[in-house]
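> Build me a model from this:
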Amino acid sequence: MNNHNPTLSPAGLDAAFVYPMHLDVDAIQRFIPHRGVMLFARQVTVLAHDHYTGEAAWPDDSFVFNGHFPGQPIVPGVMVIEAAAQIAGAGLRAGDPRARAKLDGHVGLLMAVRKCLFRRPVPPGLKLHFALRTRQVSEGVINVAGEVSSERGRVASLEFVFAQAPADQVLDG
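Numbering: from 1, shown residues only. The predicted structure is shown next:
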């Protein structure tokens, strides 16, 4: 593993925490359960245990544009929030020692969207850049705040909360 620009490999899960950590799609999938058309995060960089950047984009043929909106497709705002949650979840679980210790048997769940301001619509193919910071609220509950931008400027400001919950209790609760 290159200490200046490490990419997290399967063996890297046992390695010391060295920042920045770069996660490609394969590495992201080791930390969050999203797959296929529901995986929006394309890359994540863990800058510190509580600071992550990442990218997401939706191709022209993405299912999100079916009917949203005919003749003028835009990414639904909820998909931008979901991409931010995926980036924060993968970054937290890769780069925070407490969260990494809970990888087995736990799943991250979006609990609340506290604030969200969309500044401009997102058309197909536009690459979004996310800059996110986390703050531990209580055991397993994390506040996430950040900005979303593109080559066109600021896209959104958001704040949300997610929790790491025992997977066997998620559907039973």
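> now the protein, which segments are flagged as low pLDDT?
Applying pLDDT under 70 to the chain picks out residues 1-15, 172-173.
> Which residue, other than its chain neighbours, is closest to the spatially most central residue of it?
The residue lying closest to the centre of the chain (CA atoms, centre = their mean) is residue 87, at 1.5 Å. Excluding the flanking residues, the one nearest residue 87 by CB to CB, 6 or more residues apart in numbering is residue 54, at 3.5 Å. In this view, the C-beta of every residue, glycine as well, is placed from N, C-alpha and C.
> So which elements touch the helix or strand harbouring the one you found?
Residue 54 is part of strand 51-56 when elements are defined by DSSP states H and E. Applying 3 or more CB pairs under 8 Å, 6 or more residues apart in numbering; DSSP states H and E, one finds that strand 51-56 makes contact with strand 41-48, helix 77-95, strand 128-138.
> Dihedrals phi and psi, the residue of the chain most remote from its centre?
Going by CA atoms, centre = their mean, the residue of the chain most distant from its centre is residue 71, 29.1 Å out. Note on residue 71: backbone dihedrals following degrees, to the nearest 10 are phi 80, psi -10.
> What distance do you get for the residue lying closest to residue 34 once chain neighbours are set aside to residue 171?
Distances taken as CB to CB, 6+ apart place residue 86 nearest to residue 34, at 5.9 Å, with adjacent residues excluded. Using CB to CB, to the nearest Å, we find residue 86 at a distance of 20 Å from residue 171.
> Looking at these two, which is more packed in?
Neighbour totals were compared for residue 86 and residue 171, and residue 86 leads with 26 against 6 (other CB atoms under 10 Å).
> Does the more buried one touch residue 43 like I think?
No. Under the contact definition of CB atoms under 8 Å, residue 86 does not touch residue 43, with a separation of 11.2 Å.
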